[in-house]
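1. Dropping a prediction and its sequence here:
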Amino acid sequence: MNPTLLFLSLGGGEIVVVLLVILLFFGSNKIPELARGLGRGMREFKDATSSVQREIEDSMKDTTPKKTVPKPTPAPKAQPRED
């Protein structure tokens with residue numbers, strides 16, 4: 001079986017065991033600092049990806065030719081016929 005599939009199928013019990021190991025390994029004082037650092041890293045990553053996406057969209061707008069709509073020409077005025 002594929003090892004990545006085994007990793008992705010974590011149940012509730014496995015998650016609790018992982019959290020307990022993390023608590024024992026780092027201690028209760030370091031966990032908030034780790035969570036803050038992880039949150040800052042995730043925010044920076046999100047900002048960077050949105051910045052890159054914005055740059056790509058802007059460059060697509062710049063390279064797309066602008067469609068111009070011709071101005072309608074006024075219809076010639078109708079003049080009565082002279083007989």
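-> In hand now; what should we look at?
2. All the strands of this protein, in order from the start?
-> With DSSP state E as the criterion, the chain has no strands.
3. Tell me the helices and strands packed up against the lengthiest helix in it.
-> Counting by DSSP state H, the longest helix found in the chain is helix 30-63. Using 3 or more C-beta pairs under 8 Å, 6 or more residues apart in numbering; DSSP states H and E as the contact criterion, the neighbours of helix 30-63 among helices and strands are helix 12-26. Heads up, the C-betas are built off the backbone N, CA and C, glycines and all.
4. What's the mean pLDDT across the helix it packs on?
-> The average pLDDT for helix 12-26 rounds to 86.
5. What lies in contact with it?
-> 10, 31, 34 (C-beta atoms under 8 Å, 6 or more residues apart in numbering).
6. Without its sequence neighbours, what residue ends up closest to the last one?
-> Taking C-beta to C-beta, 6 or more residues apart in numbering, and ignoring the residues beside it in sequence, Leu34 has Phe26 as its nearest neighbour in space, at 6.5 Å.
7. likewise the first one?
-> Nearest residue to Leu10, sequence neighbours excluded (C-beta to C-beta, 6+ apart): Val18, at 7.8 Å.
8. Can you report how many residues lie near that neighbour?
-> Neighbour count of Val18, defined by other C-beta atoms under 10 Å: 11.
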